[in-house]
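Asks: Sequence plus the predicted model coming up.
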Amino acid sequence: MSQLDNHVWVIPIQTGLLVLLWKYGFSSFHRSLRLCTRTLYYFHVEGWKIWTLDIVLRPVAILTTILLILVNFDMMLWQIPPEVEVSIPPVMSELGVPSELGGAQLREIACDVLHRAFKAFLLTLLASTLATLLDPPDQGGSNMFRLVPVRLRENTKAAPYSNKLELPNLVLFCHDEEIPMPQPQLGPDHIPVWEFEEPAMIDEYSWVTSTSAPPEHDPIEWRLEGAMRPNTHAAIQWHMIHTANIDWDTSIAPIERGVQCTRRFIAPSGLVPVSEKGLLASYYRALQNPRKYRDQFAIALLLRKLLFPLFIAIGLIPWLSVFGLEFASYVGMTSVTGVAVGAVVSLAKSEVIENMLAGTLMSAQGNFIQGDTVEILYDVGNSQKSVKGVVCNIGTAYLSLQDEDGKIVQVPNRRVLGSVLRTKTVPAHMNRLRRGDTLAYLSRPQ
């Protein structure tokens with residue numbers, strides 16, 4: 001077989017591998033790696049450690065997929081015959097690229113770009129993972145639950161659930177014991193809501209197929225959401241507990257009516273116990289228990305505000321070298337540096353920098369935290385005005401409060417820092433922290 005015939009057969013095969021890796025690579029590697037988290041669950045490892053490992057496994061699966069794609073693409077480049085010449089667009093000539101490239105030159109340039117892109121991608125993935133780990137896991141405890149269908153077995157969106165068909169029944173477990181479920185109440189979006197008198201701690205859940213709806217209306221992708229019953233007439237703030245997608249094995253949802261799924265899905269509590277030692281455990285514990293560890297919470301919140309933009313910068317700067325721009329030379333260019341200095345001076349005179357600095361100082365002081373009732377007294381001309389509400393978030397530029405009507409009010413941080421404050425604590429369940437979307441495939445047979 002001639003060399004040309006070899007190229008004719010190899011390149012289509014490698015192209016097919018590229019398509020398969022791009023479409024199925026990540027989901028396959030991710031599902032395989034999550035055997036580690038399932039194993040930890042069998043050995044009764046703390047839920048917050050499972051959550052942390054699950055966060056790390058996702059970028060590992062992405063990195064493995066991208067690495068195999070780049071290796072396969074690199075092998076395809078080596079199949080380009082040396083006598084092949086490729087015309088380069090005239091716009092590339094301004095960057096010093098010849099108008100025509102041979103096979104060897106094209107391979108050398110492409111491999112160099114791929115090498116730089118992979119290093120930049122690795123740093124970006126590492127930085128984004130660290131930024132994700134800055135948010136603590138959900139510590140559990142909700143008195144309202146609902147199962148929200150996203151996609152049905154007939155591979156359509158959950159539009160049929162807008163009518164009054166009977167939906168799957170939710171089943172909750174704690175320490176392998178089934179929790180007695182209250183009668184569901186139909187919400188305004190026709191999704192049943194199970195409400196308990198007291199917050200219920202769960203570590204697993206499942207659902208029972210509907211007795212009236214056909215099998216085509218069973219969900220194969222869904223979200224388990226929880227919420228705390230609001231004290232006022234404010235809207236219910238649902239938070240994600242778990243999300244699942246079983247289109248890779250739809251037999252998990254039985255065809256038979258009124259039958260429970262063949263698996264239980266893990267929704268572990270991410271609460272960090274007091275006995276856990278280490279910096280990460282102390283950091284998460286402080287963010288989860290701001291009232292109990294008020295001083296540590298102020299330090300942890302300040303670290304999160306300082307480290308998040310740092311990780312974002314670490315993830316973006318390496319991509320300058322991919323396009324042939326070195327960071328030092330980029331900063332050293334006269335025109336760009338002049339524009340940057342002018343922008344910094346302009347921002348320093350604006351309210352943006354003042355709000356950012358004020359927010360950092362408020363986080364470090366720890367005088368009030370999420371869940372505190374705050375009354376802010378500030379001067380407007382010769383008069384004094386006030387705004388009162390429950391602290392929802394101390395943001396980068398604004399302090400978000402929820403007033404008595406349940407509406408969100410945003411006050412600039414610089415206004416808060418220079419005002420008189422009156423604070424009062426509220427029940428700890430108001431200080432709920434949101435969690436990320438994790439453990440999507442983690443489940444075990446019954």
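Replies: Done, it's in.
Asks: Residues contacting the one helix or strand residue 195 maps to, please?
Replies: Using DSSP states H and E, residue 195 falls within strand 192-200. Residues outside strand 192-200 that contact it (C-beta atoms under 8 Å, 6 or more residues apart in numbering): 141-147, 167, 170, 172, 174, 179, 181-182, 184-187, 228-229, 429. To be clear about C-beta, it is placed using only N, CA and C from the backbone, and glycine gets the same treatment.
Asks: Among the residues you listed, the buried ones, what's the PyMOL command?
Replies: The following PyMOL line selects those of the contacts of strand 192-200 that are buried, judged by 16 or more other C-beta atoms under 10 Å:
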select buried, resi 141+142+143+144+145+146+147+167+170+172+179+184+228
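Asks: ok, the residue nearest to residue 123 when sequence neighbours are not counted - contacts?
Replies: Closest residue in space to residue 123, ignoring its immediate chain neighbours: residue 318 at 4.7 Å, by C-beta to C-beta, 6 or more residues apart in numbering. Counting by C-beta under 8 Å, 6+ apart, residue 318 makes contact with 119-120, 123-124.
Asks: Check residue 22 too.
Replies: Neighbours of residue 22 in contact, by C-beta under 8 Å, 6+ apart: residue 69.
Asks: State whether it is indeed within a strand.
Replies: No: using DSSP: H, G, I helix; E, B strand; the rest coil, the secondary structure at residue 22 is helix, not a strand.
Asks: in the stretch 101-250 of the chain, which spans are helices?
Replies: 103-133 (DSSP state H, counting those that start in this stretch).
Asks: pLDDT below threshold where in it?
Replies: 101-104, 138-141, 156-165, 231-234 (pLDDT under 70).
Asks: Out of the contacts of strand 192-200, name the ones that lie in strands.
Replies: 142-147, 170, 172, 174, 185-186 (DSSP state E).
Asks: Going by distance to residue 208, which of the residues you listed wins?
Replies: residue 170 (8.2 Å; C-beta to C-beta).
Asks: Distance check, that closest one against residue 299.
Replies: 39 Å (C-beta to C-beta, to the nearest Å).
Asks: before we move on, back to that, could you tell me the model confidence score at the residue nearest to residue 123?
Replies: Residue 318 is assigned 82 on the pLDDT scale.
Asks: Ramachandran coordinates for it?
Replies: Backbone dihedrals for residue 318, given as degrees, to the nearest 10, come out at phi -60, psi -20.
Asks: show me what contacts residue 225?
Replies: Residues in contact with residue 225 (C-beta under 8 Å, 6+ apart) are 145-148, 238-241.
Asks: Okay, domains of this protein per the record?
Replies: 3-133, 142-272+434-445, 350-429 (automatic domain parsing).
Asks: Quick check: residue 65 touching residue 23?
Replies: No: counting by C-beta atoms under 8 Å, residue 65 stays clear of residue 23, with 10.3 Å between them.
Asks: out of these two, which sits in the more crowded spot?
Replies: residue 65 (19 against 10; other C-beta atoms under 10 Å).
Asks: packing partners for the strand or helix carrying that one?
Replies: According to DSSP H and E, residue 65 maps onto helix 47-77. With contacts taken as 3 or more C-beta pairs under 8 Å, 6 or more residues apart in numbering; DSSP states H and E, helix 47-77 sits against helix 3-20, helix 26-33, helix 35-42, helix 103-133, helix 279-288.
Asks: Any buried residues in the longest one, and which?
Replies: I take that to be helix 103-133. For helix 103-133, by 16+ other C-beta under 10 Å, it's 103, 106-107, 110, 114, 116-118, 120-121, 123-125, 127-131, 133.
Asks: Equivalent analysis for the second one, please.
Replies: The neighbour-count criterion (16+ other C-beta under 10 Å) identifies 26-30, 33 as the buried residues of helix 26-33.
Asks: Turn those into CSV, including pLDDT and distance to residue 287.
Replies: Shown next, in CSV, are the buried residues of helix 26-33 (pLDDT from 0 to 100; distance: C-beta to C-beta, whole Å):
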residue, pLDDT, distance to residue 287
26, 84, 30
27, 80, 31
28, 84, 34
29, 86, 30
30, 81, 27
33, 85, 26
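Asks: Would you reformat the contacts of residue 318 as CSV and include distance to residue 281?
Replies: Formatted as CSV, the contacts of residue 318 follow (distance: C-beta to C-beta, whole Å):
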residue, distance to residue 281
119, 32
120, 32
123, 27
124, 27
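Asks: and of these, the nearest to residue 14?
Replies: residue 119 (23.1 Å).
Asks: which ones are touching the nearest residue to residue 293 once chain neighbours are set aside?
Replies: Among residues not flanking residue 293 along the chain, residue 286 sits closest, at 4.6 Å (C-beta to C-beta, 6+ apart). By C-beta under 8 Å, 6+ apart, residue 286 lies in contact with 293, 296-297, 299-300.
Asks: for residue 411, same thing?
Replies: 376, 387, 398-399, 401.
Asks: can you list these in JSON lines and add secondary structure and pLDDT?
Replies: Below are the contacts of residue 411 laid out as JSON lines (DSSP: H, G, I helix; E, B strand; the rest coil; pLDDT from 0 to 100):
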{"residue": "376", "secondary structure": "strand", "pLDDT": "82"}
{"residue": "387", "secondary structure": "strand", "pLDDT": "82"}
{"residue": "398", "secondary structure": "strand", "pLDDT": "80"}
{"residue": "399", "secondary structure": "strand", "pLDDT": "82"}
{"residue": "401", "secondary structure": "strand", "pLDDT": "84"}
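Asks: Could you export those residues as CSV, including neighbour count and distance to residue 70?
Replies: Formatted as CSV, the entries for those read as follows, by neighbours: other C-beta atoms under 10 Å; distance: C-beta to C-beta, whole Å:
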residue, neighbour count, distance to residue 70
376, 20, 54
387, 17, 54
398, 17, 42
399, 26, 45
401, 23, 49
